[in-house]
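Chemist: mind looking at a prediction? Sequence and model below.
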Amino acid sequence: MPDTDNPLKNLILTYKETFAEWLMGKRLRSVRTLTIELPASRQRSDLLFEAVSEDNDVGLLHIELQGKRSAAPMPWRMVDYMSRTARHEWGRRAPQGSLKLQSVVIYVGKGAGAGDNGGYTIVNFAGQASLTWRYDVIRLWELDAEEVLQLDKPALLALVGQMRMAEPGRIVPAVLDKIAAIPDGGQRNELLTALINLIGDEGVLKMIERMIDVELLDTPYLRRIRQQSWEKGVHEGRREGVEEGRREGVEEGRREGVDEGRREGVDEGRRKGVEEGRREGVDEGRRKGVEEGRREGVEEGLRAAVLAAISTRFNPQVRAYQPLEQRLRQIHDVSTLSHLLEIALTANALDEFQSQVEAATTGTTIA
């Protein structure tokens with residue numbers, strides 16, 4: 001699942017206790033992340049945790065994240081993951097025969113996992129079960145965002161963009177209010193960023209962006225980048241514009257002052273011309289400088305926002321990131337950069353975004 005795998009995985013790793021208790025339906029004393037290489041395979045499961053309940057019951061929680069498409073059927077992937085994990089952990093964390101393993105598949109994207117019930121059996125010729133395996137199935141698109149909103153689990157609020165919302169106009173503001181009420185500023189920013197990255201509906205994304213501009217000016221990451229870049233651009237543009245305006249104003253004032261001085265007196269004309277020219281030149285220079293500075297500041301802010309979104313969502317390698325950064329610097333149209341920001345937040349894969357940037361820099365119409 002290329003578009004939401006990393007943000008969702010990072011969210012679960014950051015708030016593993018909350019997600020483990022939610023998925024297991026019980027209070028836990030501790031949750032520890034495990035990283036193992038499955039036997040006879042270099043493949044690793046998405047997420048594996050050691051969970052200890054309040055009564056010291058120890059077990060493993062295995063989580064797989066899946067979108068609409070899978071390279072192999074999910075039931076076969078799961079029986080492979082589960083058997084390899086059990087083989088690796090058999091006798092390590094509990095006596096042989098007493099290993100506890102709970103596996104969960106979290107499906108992301110409308111329609112994902114619609115035919116997966118999580119329970120499968122292969123029988124022999126007598127109709128008896130010879131192989132049975134079971135895992136829990138969570139289809140986020142089937143869950144009611146209203147129910148998650150009522151839970152006292154802030155980390156789960158970042159998932160509502162993937163859930164059913166009967167009244168988005170009421171639920172989205174309520175979610176943002178709950179996030180804004182979190183005392184820890186770092187946690188607020190983490191959950192808001194995760195919420196935006198995990199949104200599957202463009203209409204909901206636009207609604208959140210509008211509400212962020214009005215209600216959460218002090219918290220959203222992308223808004224902060226745009227505002228800081230704009231302010232820096234305006235400040236530098238004003239300073240350079242005033243200096244250039246003063247210089248041009250003095251020159252213009254001297255020329256006009258000489259002409260007027262020939263008629264009314266060289267000394268008086270030069271003085272008035274220089275003063276008037278300086279004043280008008282500075283004003284005009286300041287106005288043009290501020291306008292140019294604002295435009296360049298907005299451009300730089302949008303570029304920074306696009307790169308931040310790409311880094312957060314796809315974590316590209318340096319050899320992919322640097323060409324993107326160079327191509328973005330070739331784009332000076334604000335509407336094109338704004339459109340690319342929307343694509344960066346909704347693209348299914350980095351390749352999709354790269355093709356859009358290439359189209360923008362070669363003059364091809366962006367889809």
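Modeler: On my side now, so go ahead. Treat the numbers as computed from the prediction; the structure is a model and nothing was measured. Numbering: from 1, shown residues only.
Chemist: show me the contacts for residue 108.
Modeler: The neighbours of residue 108, taking Cβ atoms under 8 Å, 6 or more residues apart in numbering as the test, are 1, 4, 8, 65-67, 140-141, 162, 198, 200. C-betas here are computed from N, CA, C, even on glycine.
Chemist: redo these as CSV? Include neighbour count and pLDDT.
Modeler: Converted to CSV, these look like this (neighbours: other Cβ atoms under 10 Å; pLDDT from 0 to 100):
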residue, neighbour count, pLDDT
1, 21, 48
4, 23, 47
8, 25, 91
65, 19, 93
66, 22, 90
67, 17, 87
140, 24, 92
141, 16, 93
162, 25, 91
198, 20, 85
200, 17, 76
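Chemist: now, which of those sits nearest residue 176?
Modeler: The closest of these to residue 176 turns out to be residue 198 (Cβ to Cβ; 14.3 Å).
Chemist: re the thing from before, out of the contacts of residue 108, which sit inside strands?
Modeler: Those of these mapping onto strands are 65-66, per DSSP state E.
Chemist: burial of residue 308, as a residue count?
Modeler: 17 (other Cβ atoms under 10 Å).
Chemist: what do you get for residue 153?
Modeler: By other Cβ under 10 Å, neighbour count at residue 153 equals 13.
Chemist: excluding its backbone neighbours, what's nearest it?
Modeler: Spatial nearest neighbour of residue 153, chain neighbours left out: residue 18 (5.3 Å); criterion: Cβ to Cβ, 6 or more residues apart in numbering.
Chemist: what sits against the one you found?
Modeler: 153-156.
Chemist: one more: residue 7?
Modeler: Here residue 7 is in contact with 194, 197-198, 312-313 (Cβ under 8 Å, 6+ apart).
Chemist: number of nearby residues for residue 304?
Modeler: Residue 304: 16 neighbours (other Cβ under 10 Å).
Chemist: oops, could you answer that again for residue 175 instead?
Modeler: 26.
Chemist: distance of it relative to residue 146?
Modeler: 10 Å (Cβ to Cβ, to the nearest Å).
Chemist: over to residue 322?
Modeler: For residue 322 relative to residue 146 (Cβ to Cβ), the value is 44 Å.
Chemist: okay, the two: which has more neighbours?
Modeler: It is residue 146, of residue 322 and residue 146, that has more neighbours when counted by other Cβ under 10 Å, with 16 against 11.
Chemist: any idea what sits nearest the more buried one, other than its immediate chain neighbours?
Modeler: Closest to residue 146 by Cβ to Cβ, 6+ apart is residue 171, at 6.5 Å.
Chemist: cool, residue 231 as well?
Modeler: residue 297 (7.0 Å).
Chemist: any idea which helix or strand carries the one you found?
Modeler: helix 266-314 (DSSP states H and E).
Chemist: residue 86 too?
Modeler: Here residue 86 is assigned to helix 74-89, by DSSP H and E.
Chemist: residue 195: neighbour count?
Modeler: Neighbours around residue 195, by other Cβ under 10 Å: 25.
Chemist: isn't it right up against residue 157?
Modeler: Yes: Residue 195 is within contact range of residue 157, at 6.8 Å (criterion: Cβ atoms under 8 Å).
Chemist: now do the shared contacts for those two.
Modeler: With Cβ under 8 Å, 6+ apart, residue 195 and residue 157 have common neighbours 175, 179.
Chemist: roughly how far apart are residue 132 and residue 62?
Modeler: Counting by Cβ to Cβ, the gap from residue 132 to residue 62 is 17 Å.
Chemist: work out which residue lies at the spatial centre of this structure.
Modeler: residue 197 (3.4 Å; Cα atoms, centre = their mean).
Chemist: so what's that residue up against?
Modeler: Neighbouring residues of residue 197 by Cβ under 8 Å, 6+ apart: 4, 7, 309, 312-313, 345.
Chemist: kindly report the same for residue 10.
Modeler: Each residue near residue 10 by Cβ under 8 Å, 6+ apart is listed here: residue 194.
Chemist: distance of it from residue 194?
Modeler: Taking Cβ to Cβ, one finds residue 10 at 7 Å from residue 194.
Chemist: can I get stretch 166-175 in PDB? Just the C-alpha atoms.
Modeler: C-alpha atoms of stretch 166-175 as PDB (Å, rounded to 0.1, in the frame of the first residue of the first chain):
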ATOM      1  CA  ALA A 166     -22.100  10.500   8.000                       C
ATOM      2  CA  GLU A 167     -21.700  14.200   8.800                       C
ATOM      3  CA  PRO A 168     -18.200  15.300   7.800                       C
ATOM      4  CA  GLY A 169     -19.100  18.900   8.400                       C
ATOM      5  CA  ARG A 170     -19.700  18.100  12.100                       C
ATOM      6  CA  ILE A 171     -17.200  15.300  12.700                       C
ATOM      7  CA  VAL A 172     -14.100  17.000  11.100                       C
ATOM      8  CA  PRO A 173     -14.300  20.100  13.300                       C
ATOM      9  CA  ALA A 174     -14.800  17.900  16.400                       C
ATOM     10  CA  VAL A 175     -11.700  15.900  15.600                       C
END
